[in-house]
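Asks: Sequence plus predicted model, see below.
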Amino acid sequence: MAQNKKDTKDVDVAQLAADSDTGGRKPGPLVTKLLLGVTLAWSLFQLWIASPLPFAVGFGVFNDTQSRAIHLAFAVFLAYMAYPAFSMSRRDRVPVLDWVFALVGAFCASYLFFFYRELADRPGQPNTQDLVVAVTGLVLLLEATRRALGLPMVIVALVFLGYTFGGPYMPDLIAHKGASLSRAMSHQWLTTEGVFGVALGVSSGFIFLFVLFGSLLDRAGAGNYFIKSAFALLGHMRGGPAKAAVVSSAATGIISGSSIANVVTTGTFTIPLMKRVGYRGDQAGAVEVSSSVNGQIMPPVMGAAAFLMVEYVGIPYSQVIKHAFLPALISYIALFYIVHLEALKAGLTGLPRRSQATAAQRLLSFGLTVAGFVVLAGITYAAIGWVKGVAGAAATPIIGIGLLAAYIGLVWVGTRQPELTMDDPNAPVYELPETAPTLKSGLHYLLSVVVLIWCLMVEQLSPALSAFWATVFMIFVMLTQRPLVALMRGQGALGNAFMTGVKDLVAGLEAGARNMIGIGVATAAAGIIVGTVSLTGVGLVMTEVVELLSGGNLMLMLVLVALISLILGMGLPTTANYIVVSTLMAPVVVELGAQSGLLVPLIAVHLFVFYFGLMADVTPPVGLASFAAAAIARADPLKTGVTAFYYSMRTAILPFLFIFNTQLLMIGIDSPWHLALTVASAIVAMLVFAAATQGFFLVKTRWYETIALLLVTFTLFRPGFWWDMLFPPYDERPASELMTLVEQAPAGERKRIWVEGLNLNGDEVRKGVLLPLGDPGPARERLRKIGLTVMTLGPDVQVAAVQFGSQAEKLGLEQGFKVTAIEMPADRPAKEWAFIPALALLGVVVMLQRRRRGAAA
């Protein structure tokens, strides 16, 4: 009976994951083959348009609008074929009505591809056929979105569509003149301002390739390798399965763009083992949920939001990764510490090892392995640089041969180890795998990740081209790893091994396309919201509403934005979530913050709203990730969600901290020493915060110790709060010195200026702006690169022009604004001196707790 109950639970979890991410329908063999063909065609199409081949052969070149239309056509067709209309609908066949919806929806989506030239000849003048297609396409897109994502996204989109047409009937604060059906449909469906806008372009150009890369990597066996490696390294520790869950979810988050997929992939293995060592069911599920949702903030993919940030913030992809890395790292470190504290409080242990090596021997072995990889990476980097300098154009094939040799060598190393198989976490006795053999068995999987990171960070290729080359290498791995293993193990049957690899490749291509169905329709539906904002100006309305509710109080404004972002994010996948909150709430923080003197880089604002949008994946009553984990843990979903939110509080405070201290985003770091101090203080602060919220440090904390720990946390995260009371942070300089100061500024500096004037709505504006200056050069050239032209009239400096779509426009600068002042950092002692009293206070708490622990012993 117990076994039957377990099987039922497993089916429920698998069905929940399928319904959420890939569609739960399993039709007959003929339709299944058709769907396989369509998914393969979609994956191959995306690889084709990302590759250099179309331009090399002069065939199959699509512009952005055409590729977006084809991308959405695939997504809508597969949404109707893979997702049943209702939860009670049959899943063993595709009804005739769904066939009709799929074909008509695909045609409407591809309308811009088939009639591209005709539409270009009559911009803004849709005929009857255009309007019928637009209205039909919009309705079918919303129904496809409902099936793939549920009602929340549809409701948000319908509210914004209703606002488009009902503007004249709204209250005065949010009223606008409205739009006709012709204008609204043309804007939303027949241009690149709405459905076929930037969001869908990022889905087509970047996101698909990274999701496909992750699917291939997982299908090749990397997911199992990451999980087993985490358990081999950490499972023996106190509460080891929970710590392994944190690390394995972080690793899986690199290849997964979905919180619920991460929960199901790692949770089916980690949650039973966490319960075995003593964690409650809700605690085990909450640890997995917190770990999996954190995977969405972990570079380099960040649930595919990183590529949207490139477009919305206007900075290179490498900069997005740089700024997002430290908050994600310290958030994971804090979660690791939280599960350690839970284990301490409950007196939990780890899992037994198969070998009896001492802790010192294991530590030495691990240290030597890590040191070896660091040395090898350094030698490789230097060698490739030397080859590129000496060989010139011939460097690429030489490096390719070296990569092939490394791959074959690592596969050979893996074949010297026992074969890596997934164990049963529910088995009566579970022993941890051997550390060294487990780590060595799948090192060749890491090469594809190395290729991706190398192309992105070192070669500075575009994200799309980097993902293309990494995916091509992954395809090569999938086709060759099984035959190589069979050959090196002396197993024979190379043909069978190759065909198994082909089947794995086909399954990976299919899984990649299926995983993109929800993201494709989500980014398209989110385009409705973006289109409404550009058509009606509702973004300015949101600013006015938040300003009215906050009464001009900066902290209250940020809290309101956080709560609204949390509500807007409920029920949305990561990509749609970010599009919605960044479109509606990021401009609010920028505008109201600028008026209050809070001048922060755009990336900080976008990460702020992104983090709170993601918290909706955890928060009841909508958090699907919590429901999936609760099903595996056989725990109450609401209790699991509440516990997960409690564990995720560390993620919720981070945005408030890096808004006020952008050094946490690696901004304003001027030396290796400064970098080390920033990273160390951030890690210590987050660990102290975890101890304060858990009520346990060395022993159970008392109320005054909790207050002291929170004060230490605040000071380590934001030392400038106290320092600004003692020393003014900025000196004011006249506007006439702008060009001189811009020209003298070092590379990458952000210049604080204050502007005033009438905006396009005729309102008087006075606000601060943080101008991002790039490489050194003449002042006018540096300003031109961010889209800004100024003219000097005696002592006055005026904005002469602002380039459309530029960083200057994103900062809210407008033609005619006058620069009134420039703020330069004051010459004062470093704010990090505030760490000394904070650490002294921490030392007092440690002393008190050690004394109590000694007395109890």
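Replies: Received the coordinates, thanks. Residues are numbered from 1 along each chain as shown.
Asks: List the residues that contact the residue sitting nearest the centre point of the chain.
Replies: Centroid-nearest residue in the chain: Met302, 1.9 Å away (criterion: Cα atoms, centre = their mean). Each residue near Met302 by Cβ atoms under 8 Å, 6 or more residues apart in numbering is listed here: Gln296, Met309, Val320, Ala324, Thr574. The way it works is simple: take the backbone N, C-alpha and C, and place the C-beta from them, glycine included.
Asks: repeat that with 10 Å
Replies: 210, 253-254, 257, 295-296, 308-309, 320-321, 324, 328, 574, 578, 607, 610, 614 (Cβ atoms under 10 Å, 6 or more residues apart in numbering).
Asks: Check Leu40 too.
Replies: With Cβ under 10 Å, 6+ apart, Leu40 has these contacts: Leu505, Val506, Leu509, Glu510, Gly512, Ala513.
Asks: Swap in 6 Å and give it another go.
Replies: Applying Cβ atoms under 6 Å, 6 or more residues apart in numbering, we find Leu40 in contact with Leu509.
Asks: Sticking with it, tell me its helix or strand.
Replies: According to DSSP states H and E, Leu40 maps onto helix 29-50.
Asks: From the contact counts, what lies against the helix or strand just after that helix?
Replies: Note on helix 29-50: by DSSP H and E, the next helix or strand toward the C-terminus is helix 53-57. Using 3 or more Cβ pairs under 6 Å, 6 or more residues apart in numbering; DSSP states H and E as the contact test, no helix or strand touches helix 53-57.
Asks: Pull the distance from the following helix or strand past helix 53-57 to the chain's centre.
Replies: For helix 53-57, the following helix or strand on the C-terminal side (DSSP H and E) is helix 64-82. Put simply, helix 64-82 sits 23 Å off its chain's centre (Cα atoms, centre = their mean, to the nearest Å).
Asks: Equivalent analysis for stretch 467-478, please.
Replies: The answer for stretch 467-478 is 22 Å, by Cα atoms, centre = their mean.
Asks: again with stretch 107-123
Replies: From the chain centre to the centre of stretch 107-123 is a distance of 33 Å (Cα atoms, centre = their mean).
Asks: domains for the chain, by residue range?
Replies: 22-200, 669-694+703-729+830-857, 730-827 (automatic domain parsing).
Asks: my guess is Ala102 meets Val76, correct?
Replies: No - with contact defined as Cβ atoms under 6 Å, Ala102 does not count as touching Val76 (7.2 Å).
Asks: neighbour count winner among these two?
Replies: With neighbours defined as other Cβ atoms under 10 Å, Ala102 and Val76 compare such that Val76 has more, 31 against 21.
Asks: What strand or helix carries the nearest residue to the more buried one once chain neighbours are set aside?
Replies: In space, and not counting its chain neighbours, Val76 is closest to Gly105: 4.1 Å by Cβ to Cβ, 6 or more residues apart in numbering. Element membership for Gly105 (DSSP H and E) is helix 96-109.
Asks: which stretches of this structure have low pLDDT?
Replies: 1-24, 253-258, 301, 303-304, 353-378, 380-381, 422-430, 571, 620-624, 857 (pLDDT under 70).
Asks: so where do the strands sit in it?
Replies: Assigned by DSSP state E, the strands in the chain fall at 730-734, 750-758, 764-772, 788-793, 796-802, 818-825.
Asks: any idea how far the fourth one is from the chain center?
Replies: How far strand 788-793 lies from its chain's middle: 38 Å, per Cα atoms, centre = their mean.
Asks: what angle do that strand and strand 796-802 make?
Replies: Comparing the axes of strand 788-793 and strand 796-802 via axes from the mean of the first three to the mean of the last three Cα atoms, to 10 degrees yields an angle of 150 degrees.
Asks: Listing partners with orientation, what would you give for strand 788-793?
Replies: For strand 788-793, the paired strands and their directions (DSSP bridges) are strand 796-802 (antiparallel).
Asks: same check, this time on the third one
Replies: The pairing partners recorded for strand 764-772 under DSSP bridges are strand 750-758 (antiparallel).
Asks: Only the buried residues of the strand it pairs with, if you could.
Replies: Within strand 750-758, the residues that count as buried by 16 or more other Cβ atoms under 10 Å are Arg750, Lys751, Arg752, Ile753, Trp754, Val755, Gly757.
Asks: Run through who's touching it.
Replies: Under Cβ under 6 Å, 6+ apart, the answer for strand 750-758 is 599, 766, 768-773, 816-823.
Asks: Can I have the buried ones of those residues as a ChimeraX selection?
Replies: To isolate the buried subset of those in ChimeraX, counting by 16+ other Cβ under 10 Å, use the following:
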select :599,768,769,770,771,772,773,817,818,819,820,821,822,823
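Asks: from the contacts of strand 750-758, which is closest to Trp469?
Replies: Proximity of the contacts of strand 750-758 to Trp469 (Cβ to Cβ) peaks at Pro772, which lies at 29.7 Å.
Asks: Pull the contacting residues for the closest one.
Replies: Arg750.
Asks: How much space separates it from Met488?
Replies: 52 Å (Cβ to Cβ, to the nearest Å).
Asks: Then Ser626?
Replies: Ser626 is 44 Å from Met488, by Cβ to Cβ.
Asks: Between those two, which has more neighbouring residues?
Replies: Neighbours per residue, other Cβ under 10 Å: of Ser626 and Met488, the larger number sits with Ser626, 34 against 15.
Asks: Just confirm Pro573 contacts Gly520, I think it does.
Replies: No - under the criterion of Cβ under 6 Å, Pro573 is not in contact with Gly520, lying 10.6 Å apart.
Asks: So if I had to pick from those two, which one is more boxed in?
Replies: Gly520 (32 against 28).
Asks: any idea how far the more buried one lies from Gly205?
Replies: 12 Å.
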